[in-house]
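Engineer: I need the structure of the sequence given here:
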Amino acid sequence: MRVPVGTARDRAKADRRAALLAAAARLFAERGFDGVTLGDIGEAAGVSGPAVYRHVSSKQALLGAILVDVSARLLQGGRAVGGGPAVGGAPALGDAPALGDAPAVGDAPALGDAPAAPGDGPARRRADAPSAAGEIPRTDTDVHTTDDPDTVLRALVDFHVAFALAEADVIRVQDRDLDRLSPDDRRAVRDLQNAYVSVWTAALAARDGDAESPAERRVRALACFGLINSTPHSVRGVPAPRVRLTLIRMALAALTA
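Structural biologist: Have a look, this model is predicted:
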């Protein structure tokens, strides 16, 4: 059957967008925002220099697309396993909505806690990981089908560990270059990731009741993110399945201590 021209063109455009996002995330992680040009990104993605501007208006807009896109997928995946309304599609390049007051630098918590390990080489995406514009990593418990608080919490941990192992480049980019976003993109990232934190604090509240205040539950969730997010940058010589299981055990221990 012949594919409609519009559909084929839309698919090709989406593929080029995904290639640009993935190449930009990898290069930003390796060299930093200031060490990369749009020409470098286009070359890595197989898109000619002038053609890059048909997909993105600036390097800053591309950075915004990466971090807003990944934040939307993070929230969508968290709500899928932890409960909550679905998230709409990721914004187009540079088209992130303004969703609230501009945060201070570093105020987007769910990805920004990953430090670069001293002397560590560039973060590289695993060969089987999705691109920056790819699908949400699947976990052992990929759909919210239970109201048991312990099961929901375990599902959230499974999801975030899979996400961090798949998106090590993007985590490093946010940690290093969040302050380079436009105010609108930074607001979008902040609000999406704060909503993701709320999924976790709700799960902790369902499990522990009023044993802790909302602020204390938030501290617990953020500490868990820091533990998980920092590890993929420094792991060397340990098989990915072992890393995953270790992170899950440690994260659950931290959350329930």
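Engineer: and residue 63, how many residues sit next to it?
Structural biologist: Residues contacting residue 63 under the criterion other CB atoms under 10 Å number 25. C-beta here means a position set from N, CA and C on the backbone, and glycine is covered the same way.
Engineer: Would you mind giving both backbone torsions of residue 55?
Structural biologist: Here is the backbone geometry of residue 55 (degrees, to the nearest 10): phi -110, psi -20.
Engineer: since we're on it, how many residues are nearby?
Structural biologist: If you count neighbours by other CB under 10 Å, residue 55 ends up with 21.
Engineer: Next one, pLDDT for the nearest residue to residue 111 once chain neighbours are set aside please.
Structural biologist: Distances taken as CB to CB, 6 or more residues apart in numbering place residue 174 nearest to residue 111, at 4.5 Å, with adjacent residues excluded. As summarised for this prediction, residue 174 has a pLDDT of 94.
Engineer: Residue 174 touches residue 74, doesn't it?
Structural biologist: No - counting by CB atoms under 8 Å, residue 174 does not reach residue 74; the two are 10.7 Å apart.
Engineer: hey, what's in contact with both of those two?
Structural biologist: Both residue 174 and residue 74 are in contact with residue 111, where contact means CB atoms under 8 Å, 6 or more residues apart in numbering.
Engineer: of the two, who's got more company?
Structural biologist: residue 174 (28 against 24).
Engineer: what pLDDT does residue 38 get?
Structural biologist: Reading off the model, residue 38 has pLDDT 92.
Engineer: How about the contacts made by it?
Structural biologist: 49, 52, 53, 56, 58, 59, 62.
Engineer: Dump those to TSV, plus distance to residue 39 and secondary structure.
Structural biologist: Shown next, in TSV, are the contacts of residue 38 (distance: CB to CB, whole Å; DSSP: H, G, I helix; E, B strand; the rest coil):
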residue	distance to residue 39	secondary structure
49	5	helix
52	8	helix
53	11	coil
56	12	coil
58	13	coil
59	10	helix
62	12	helix
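Engineer: I'd like to know which of those residues are buried.
Structural biologist: When these are checked for burial by 16 or more other CB atoms under 10 Å, the buried set is 52, 56, 59, 62.
Engineer: Determine which two of those residues are furthest apart.
Structural biologist: Farthest-apart pair in those is 52 and 59; separation 9.6 Å (CB to CB).
Engineer: list residues touching both of those two?
Structural biologist: Contacts common to residue 52 and residue 59, judged by CB under 8 Å, 6+ apart, are 38, 41.
Engineer: what's the span of stretch 44-60, first residue to last?
Structural biologist: Taking CA to CA, to the nearest Å, stretch 44-60 runs 17 Å from one end to the other.
Engineer: Quick check: the gap between the residue nearest to residue 111 and residue 226.
Structural biologist: Noted for residue 174: a distance of 13 Å to residue 226, by CB to CB, to the nearest Å.
Engineer: cool, residue 73 as well?
Structural biologist: 20 Å.
Engineer: do the same with residue 246
Structural biologist: Distance from residue 246 to residue 226, by CB to CB: 16 Å.
Engineer: packing partners for the host helix or strand of residue 8?
Structural biologist: In this assignment (DSSP states H and E), residue 8 forms part of helix 5-31. Here helix 5-31 touches helix 38-45, helix 59-82, helix 168-177, going by 3 or more CB pairs under 8 Å, 6 or more residues apart in numbering; DSSP states H and E.
Engineer: Break down the stretch 51-200 of the chain into its strands, ranges please.
Structural biologist: Along the stretch 51-200 of the chain, counting by DSSP state E, counting those that start in this stretch, no stretch forms strands.
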